[in-house]
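In: whatever this is, show me its structure:
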Amino acid sequence: CMSNPQQRRIDHLTRQLVPQQPAIAMSRPPITSHVLDTASGRPAVGVNIRLEKMSASGAWEQIGMDITNSDGRCPKLLPNDHKLQAGFYKCTFDTKSYYDAQGVKGFYPEVPIIFEIAATQEHYHIPLLLSPFGYSTYRGS
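Out: Residues are numbered from 1 along each chain as shown. Got it, this is the predicted structure:
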């Protein structure tokens with residue numbers, strides 16, 4: 001059996017070796033996005049993004065929106081303290097306005113990305129790799 005001083009020492013070392021994770025809600029919104037223009041090799045600046053959640057009736061309800069900044073990110077898609085609910089979500093990227101502003105004719109006027117959230121305490125990052133005639137996405141970190 002371990003004595004109290006030994007147990008306190010083990011507890012102390014464990015706390016130092018296993019750092020506590022900061023709460024995500026304090027540092028960033030629970031859903032974020034990043035748009036990169038793969039044709040230019042640069043961040044896509046000025047892309048309007050609309051975030052919606054599917055209601056119980058099956059209708060999409062807007063819960064957030066933002067415009068990508070100089071780094072192609074949208075830091076205010078949702079407030080940092082927004083509490084996620086399980087269900088289906090949709091990020092819609094207004095690619096027509098983005099390409100129109102550059103004088104480029106694109107094929108996809110908007111890119112809707114629908115995803116499901118089950119673990120409401122996790123962070124969800126929705127990146128978009130964009131070109132005038134194609135796009136791809138994945139679950140980021």
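In: average pLDDT for the host helix or strand of Gln7, rounded please.
Out: Taking DSSP states H and E as the definition, Gln7 sits inside helix 4-17. When pLDDT is averaged along helix 4-17, the result is 67.
In: stretch 118-128 too?
Out: Across stretch 118-128, the average pLDDT comes to 94.
In: start and end of it, how far apart?
Out: Taking C-alpha to C-alpha, to the nearest Å, stretch 118-128 runs 21 Å from one end to the other.
In: can you mark which positions in it are buried?
Out: By 16 or more other C-beta atoms under 10 Å, the buried positions in stretch 118-128 come out as His123, Tyr124, Ile126, Pro127, Leu128. Where C-beta positions appear, they are placed from N, C-alpha and C, glycine not excepted.
In: do me a favour and get the end-to-end distance for stretch 93-109?
Out: Terminal residues of stretch 93-109 are spaced 9 Å apart (C-alpha to C-alpha).
In: so what touches it?
Out: Under the criterion C-beta atoms under 8 Å, 6 or more residues apart in numbering, residues 35, 44, 46-50, 110-113, 128, 130, 132-135 lie in contact with stretch 93-109.
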